[in-house]
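Engineer: sequence isn't available, so here's the structure alone:
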């Protein structure tokens, strides 16, 4: 009997124990725009009559062996420290595969294709919590070669640079370029990982930093953030909710008018109440649910932009 | 009278022996980069400052590991600059008990180091000697072992 009771307790606690771990940040190494431009891996993209140049990652990873070797070496060193990288080439292949499959998928009854807006298509891109931009340049002075190497870790939630390593290695008469690049990676990786560690420590202590915007639909209802509920304006109520739901009440309200509020440096917890990982969408969705309840009874539309920004538009869906 | 002189000499000898032993415990050394090591290792030049011209390899090895962990090293000529592997020199004070045993003469610190043959140099500087040697430190294994001992954090700690 005792054994059954013990087993039941363990089974009940197991999901909590398993879900009590925060999601490991995903990291992906990509070539920097400057490197792609210098090496001819750019493509033109027509955007409503304007030509925009964007990096062609697919061609870069397919054609440049030095890039592939460098990404592989960085991945190997990161895996040794317990954090394997999300692979750029594999992510691109997976996106292409999914796009092809989606285009071929139709309904059996009406033959309808999968609905996809231009926005959906635009958002289908290789994503990671931290993007590591890699760039190098070979400097040649007479018979001597040296490599200038740059590695920048950008937090996809805030676009802040959270780790970096940059430097020019010693000049060499005899070493081949791939060897110089490998030496630059080995020489710079520990300092880079050290800074990344400091960033992760900050995440675990102070929560993840995201942005939140509140907007109002101009639907003629006359509703605004100045509407009062029990003597408090709606903007004050939202401000109070954000204060109560951020880690150590850390956030800043950078702009507020009758129609919008812009919250920056919002530190959201890494876990939800049920122990599952928290993200920007869930955080903003909690606010949406709060405003849905009485006495506010407000319908809102939630839109997320990238990993680190949510826009809650109040008024309708 | 002879007894007193003998006693005084004994006290002085003991005191100097204790002071010398404390000097040894202090790990008086300098560290600088000596080039890029093979993957998973650091190549460093360690210079131990000692009153003796002959010291064993173990002392150099302990100094090398201490330097890599808590001081970091650089070399302007080779454009090297490595921060302390432990993250901060404060870690040594936070885990003083662990590191006391780790850096002891019979501790495990020396196991992470291999000397480069023929690199030892001895220079007399005043009343002391500067004994330098180029060594490789197996930093990847050192990091893993200290991480599993809970002394330093890994990238996936807390996740």
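Structural biologist: Yep, that arrived. Predicted model, so just to flag it, every value in this text is computed and none were measured.
Engineer: going forward, measure contacts and count neighbours with C-alpha atoms only.
Structural biologist: Noted.
Engineer: so which residues on chain A come close to chain B?
Structural biologist: Chain A has residues A:21-24, A:81-83, A:167-170, A:183, A:186-187, A:190-191, A:193-194, A:196-197, A:200, A:204 near chain B, with proximity defined as C-alpha under 8 Å from any C-alpha of the partner chain.
Engineer: give the contact list for residue A:309.
Structural biologist: Contact analysis of residue A:309 by C-alpha atoms under 8 Å, 6 or more residues apart in numbering or on different chains lists A:157, A:210, A:211, A:212, A:213, A:280.
Engineer: repeat that with 7 Å
Structural biologist: Taking C-alpha atoms under 7 Å, 6 or more residues apart in numbering or on different chains, we find residue A:309 in contact with A:157, A:210, A:211, A:212, A:280.
Engineer: between these, which is nearest residue A:40?
Structural biologist: Set against residue A:40, the nearest of the contacts of residue A:309 by C-alpha to C-alpha is residue A:157 (29.0 Å).
Engineer: the closest one contacts residue A:308, correct?
Structural biologist: Yes. Counting by C-alpha atoms under 7 Å, residue A:157 does reach residue A:308; the two are 3.6 Å apart.
Engineer: joint contacts of the two?
Structural biologist: By C-alpha under 7 Å, 6+ apart, residue A:157 and residue A:308 have these common neighbours: residue A:210.
Engineer: out of the helices and strands in chain B, which is least certain?
Structural biologist: In chain B, the helix or strand scored least confidently by mean pLDDT, DSSP states H and E is helix B:2-25, which has a mean of 57.
Engineer: give me the phi and psi angles of the residue lying closest to residue A:300 once chain neighbours are set aside.
Structural biologist: By the measure of C-alpha to C-alpha, 6 or more residues apart in numbering or on different chains, the closest residue to residue A:300 outside its immediate chain neighbours is residue A:314, 4.2 Å from it. Dihedral angles of residue A:314 (phi, psi; degrees, to the nearest 10) stand at phi -90, psi 140.
Engineer: tell me what residue A:314 is bridged to.
Structural biologist: residue A:216, residue A:300 (DSSP bridges).
Engineer: what is the neighbour count of residue 88?
Structural biologist: By default, I'm working from chain A. By other C-alpha atoms under 10 Å in any protein chain shown, the residues close to residue A:88 number 22.
Engineer: meant chain B, my bad for not saying
Structural biologist: Residues near residue B:88, counting by other C-alpha under 10 Å, number 15.
Engineer: how far away is it from chain A?
Structural biologist: Residue B:88 is 10 Å from chain A, where distance means C-alpha to the nearest C-alpha, to the nearest Å.
Engineer: wait, that residue touches residue B:70, no?
Structural biologist: Yes. If you go by C-alpha under 7 Å, residue B:88 and residue B:70 touch, sitting 6.4 Å apart.
Engineer: what residues are up against residue A:182?
Structural biologist: residue A:70.
Engineer: got the buried residues for the helix or strand harbouring it?
Structural biologist: Per DSSP states H and E: residue A:182 is located in helix A:177-206. Residues A:180-201, A:203-204, A:206 are the ones in helix A:177-206 that count as buried (16 or more other C-alpha atoms under 10 Å in any protein chain shown).
Engineer: mind telling me which residue of the stretch 201-317 of chain A is nearest chain B?
Structural biologist: Closest contact between the stretch 201-317 of chain A and chain B, by C-alpha to the nearest C-alpha, is at residue A:204 (7.1 Å).
Engineer: residue contacts, that residue?
Structural biologist: Residues near residue A:204 by C-alpha under 7 Å, 6+ apart: none.
Engineer: one more pass at 10 Å, please.
Structural biologist: Neighbour list for residue A:204: A:22, A:198, A:269, A:270, B:157, B:158, B:159 [criterion: C-alpha atoms under 10 Å, 6 or more residues apart in numbering or on different chains].
Engineer: and those, which is closest to residue A:250?
Structural biologist: When these are compared for distance to residue A:250 (C-alpha to C-alpha), residue A:269 wins out at 10.7 Å.
Engineer: the closest one - nearest residue in space that isn't next to it in sequence?
Structural biologist: Using C-alpha to C-alpha, 6+ apart and skipping residues adjacent in sequence, the residue nearest residue A:269 is residue A:207, 4.7 Å away.
Engineer: state the distance from that neighbour to residue A:44.
Structural biologist: Per C-alpha to C-alpha, to the nearest Å, residue A:207 is found 39 Å from residue A:44.
Engineer: ditto for residue B:34
Structural biologist: For residue B:34 relative to residue A:44 (C-alpha to C-alpha), the value is 46 Å.
Engineer: what does residue A:210 give?
Structural biologist: According to C-alpha to C-alpha, residue A:210 and residue A:44 sit 31 Å apart.
Engineer: compare those two (neighbour count), which wins?
Structural biologist: When residue A:210 is set against residue A:44 and neighbours are counted by other C-alpha under 10 Å, the residue ahead is residue A:210, at 23 against 12.
Engineer: isn't that one right next to residue A:264, touching?
Structural biologist: Yes. Counting by C-alpha atoms under 10 Å, residue A:210 touches residue A:264, with 6.9 Å between them.
Engineer: who touches both of these two?
Structural biologist: Residues touching both residue A:210 and residue A:264 by C-alpha under 10 Å, 6+ apart: A:158, A:251, A:309.
Engineer: any idea whether the most centrally placed residue in chain B is helix, strand or coil?
Structural biologist: When chain B is reduced to its mean C-alpha position, the nearest residue by C-alpha atoms, centre = their mean turns out to be residue B:63, at 1.2 Å. Classification of residue B:63 using DSSP: H, G, I helix; E, B strand; the rest coil returns helix.
Engineer: one more: residue B:69?
Structural biologist: Following three-state DSSP, residue B:69 is assigned to helix.
Engineer: that one: neighbouring residues, count only.
Structural biologist: By other C-alpha under 10 Å, the residues close to residue B:69 number 22.
Engineer: quick one: it and chain A, what's the gap?
Structural biologist: In terms of C-alpha to the nearest C-alpha, residue B:69 sits 12 Å off from chain A.
Engineer: so that residue makes contact with residue B:139?
Structural biologist: Yes. In this structure, residue B:69 is within contact of residue B:139 by C-alpha under 10 Å, at 8.9 Å.
Engineer: pull up the overlap in contacts between these two.
Structural biologist: Between them, residue B:69 and residue B:139 have residue B:85 as joint contacts when contacts are counted by C-alpha under 10 Å, 6+ apart.
Engineer: strands of chain B, start to end?
Structural biologist: For chain B, strands defined by DSSP state E occupy the ranges B:29-33, B:42-50, B:73-75, B:80-82, B:113-115, B:121-125, B:128-137.
Engineer: chain A now?
Structural biologist: A:27-31, A:42-47, A:50-55, A:130-141, A:144-155, A:161-168, A:208-216, A:228-229, A:232-233, A:252-256, A:260-268, A:300-305, A:309-314.
Engineer: pLDDT below threshold where in chain B?
Structural biologist: B:1-2, B:5-25 (pLDDT under 70).
Engineer: show me the domain layout of chain A.
Structural biologist: What automatic domain parsing lists as the domains of chain A is A:27-104+A:113-205, A:207-314.
Engineer: of all the ones you listed, which one is nearest residue B:123?
Structural biologist: Nearest to residue B:123, of the domains of chain A and by C-alpha to C-alpha, is domain A:27-104+A:113-205 at 27.9 Å.
Engineer: straight-line length of the closest one, end to end?
Structural biologist: One end of domain A:27-104+A:113-205 to the other measures 20 Å (C-alpha to C-alpha).
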